[in-house]
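1. the sequence and its predicted three-dimensional model are supplied below.
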Amino acid sequence: MHVLYWIALNQTEFAKKFNISQQTISNWENGVTDIDIESLTAISKTFNLTIDYILGETEEAIDISKIKNIMPIPQI
């Protein structure tokens with residue numbers, strides 16, 4: 001789980017935000033335990049990240065297809 005680096009929170013801050021222990025986060029990061037579906041969903045929704053990204057299955061952090069009203073960047 002490499003989300004902490006992307007959102008610039010340390011384990012303590014992340015644990016407080018989701019009301020979980022720092023040890024739980026460490027266990028996820030080190031592959032000791034798998035992230036539970038409730039935490040996975042909460043993290044995904046809170047930071048608008050895809051579940052695949054959180055699990056390290058893709059480098060795509062957001063699902064572009066879910067973004068509405070995308071305006072093209074004007075060319076200078």
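-> In hand now; what should we look at?
2. relative to residue 34, how far out is residue 54?
-> With distances taken as Cβ to Cβ, to the nearest Å, residue 54 is found 12 Å from residue 34. C-beta coordinates here come from the backbone N, C-alpha and C atoms, glycine included.
3. who has more neighbours out of the two?
-> For residue 54 and residue 34, the more surrounded residue by other Cβ atoms under 10 Å is residue 54, and the numbers stand at 22 against 11.
4. surely that one and residue 41 touch.
-> No - under the criterion of Cβ atoms under 8 Å, residue 54 is not in contact with residue 41, lying 9.8 Å apart.
5. circling back: overlap in contacts of residue 54 and residue 34?
-> By Cβ atoms under 8 Å, 6 or more residues apart in numbering, residue 54 and residue 34 have no common neighbours.
6. check which residues of the longest helix seen in the chain are buried.
-> In terms of residue count, the longest helix belonging to the chain (DSSP state H) is helix 37-47. In terms of neighbour count (16 or more other Cβ atoms under 10 Å), helix 37-47 has its buried residues at 39-40, 43-44, 47.
7. so residue 35 is in contact with residue 29, correct?
-> No - at 9.8 Å, residue 35 does not count as touching residue 29 under the criterion of Cβ under 8 Å.
8. higher neighbour count, those two?
-> Each of residue 35 and residue 29 has its neighbours counted (other Cβ under 10 Å); residue 35 has more, 20 against 14.
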